[in-house]
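Colleague: Any chance you can model this:
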Amino acid sequence: MAAFDFDGTIAQRDSLGPFLARVAGLGRLTRAIATHSPRIAAVALGRADRDATKEAVVTSVLGGRTAGSIAGAGCAYADHLWDRQKFRPEMLERLRWHRDAGHEIVIVSASLDSYLAPLAPRLGVDHVISSSLEVDDHGLVTGRLVGGNVRGPEKASRLRAWMGTGPVELWAYGDSSGDDELLAMADHPTRV
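Modeller: As a prediction, this is how the structure comes out:
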C-alpha cells in the first residue's frame with residue numbers, strides 16, 4: 001500500500017488557498033485572512049492551534065454556501081488542477097510505479113475532499129482520506145471540518161483506521177512536519 005500527502009508532495013504547492021479564492025473570490029479570502037491575521041500570526045509563532053485557525057478561515061470563506069455549489073466548484077477545481085499539471089514529476093512516476101506493482105494507493109491530506117475525490121481517479125489513486133466540510137440539515141456548508149483537520153497525528157490515525165488490523169507493507173510520502181506521523185508508521189518512508 002502507498003500513502004501520499006497531496007500539497008507539496010504530489011502537487012507542487014498548496015491547493016486549498018487557490019480553491020478558496022476560486023469559490024469565494026480573492027477579495028473575500030483576503031478579508032478572511034485579514035480578520036484572522038492575529039490568530040494566523042500566533043500560529044506562526046507556535047502560540048495558537050493551527051487546525052482551529054484553518055477551520056475559522058474556511059468557515060469565514062465557505063460558511064453558508066450550499067453543499068452542491070461546493071461540490072460543483074470542487075469538480076471544476078479538480079479539472080483545473082489536472083489541466084495545469086502542476087504536479088511533481090517524480091511523484092507522478094512513484095504513483096505509476098505503485099500502480100504497476102499492484103499496490104493500493106491512498107491520498108492522506110489536510111486538503112478538502114471536495115476536489116481531491118474527483119481528482120484522485122485521474123492520478124490513479126484508489127482512495128482519499130482528507131478533510132471534509134460539515135453540512136447542516138439545510139444543505140449548507142458550515143465551514144467546520146468533520147472529525148477535524150487531517151494533519152499530523154490525525155493523518156496516521158485515519159490511515160490506521162482505514163487500513164484495518166491486517167499486516168500491510170506501507171510506503172508513505174510527505175513533505176512537511178504535518179506528515180511526520182504518517183512517515184513514522186511506514187515501512188518505506190520518503191520525505192520529498
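
Colleague: what about the longest strand seen in the chain, distance to the chain center?
Modeller: Counting residues, the longest strand found in the chain (DSSP state E) is strand 105-112. The chain centroid and the centroid of strand 105-112 are separated by 5 Å under Cα atoms, centre = their mean, to the nearest Å.

Colleague: For the nearest residue to Ala186 once chain neighbours are set aside, grab phi and psi.
Modeller: By the measure of Cβ to Cβ, 6 or more residues apart in numbering, the closest residue to Ala186 outside its immediate chain neighbours is Ala172, 3.5 Å from it. Bear in mind the C-beta positions are built from the backbone N, C-alpha and C, glycine included. Main-chain torsions, Ala172, degrees, to the nearest 10: phi -140, psi 140.

Colleague: Settle this for me: Ala172 is touching Asp180, isn't it.
Modeller: No. With contact defined as Cβ atoms under 8 Å, Ala172 does not reach Asp180; the gap is 10.5 Å.

Colleague: who's more crowded, the two?
Modeller: When neighbours are counted by other Cβ atoms under 10 Å, Ala172 and Asp180 differ, and Ala172 comes out ahead with 27 against 16.

Colleague: any idea how far that one is from Arg191?
Modeller: 9 Å (Cβ to Cβ, to the nearest Å).

Colleague: hey, where'd the strands end up in the protein?
Modeller: Counting by DSSP E, the strands of the chain are 2-4, 105-112, 127-131, 133-135, 141-145, 171-174, 188-191.

Colleague: got CSV for those, with distance to Ala76 and mean pLDDT too?
Modeller: Converted to CSV, those look like this (distance: least, Cβ to Cβ, whole Å; pLDDT from 0 to 100):
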stretch, distance to Ala76, mean pLDDT
strand 2-4, 23, 98
strand 105-112, 13, 98
strand 127-131, 17, 98
strand 133-135, 16, 98
strand 141-145, 16, 96
strand 171-174, 27, 98
strand 188-191, 31, 98
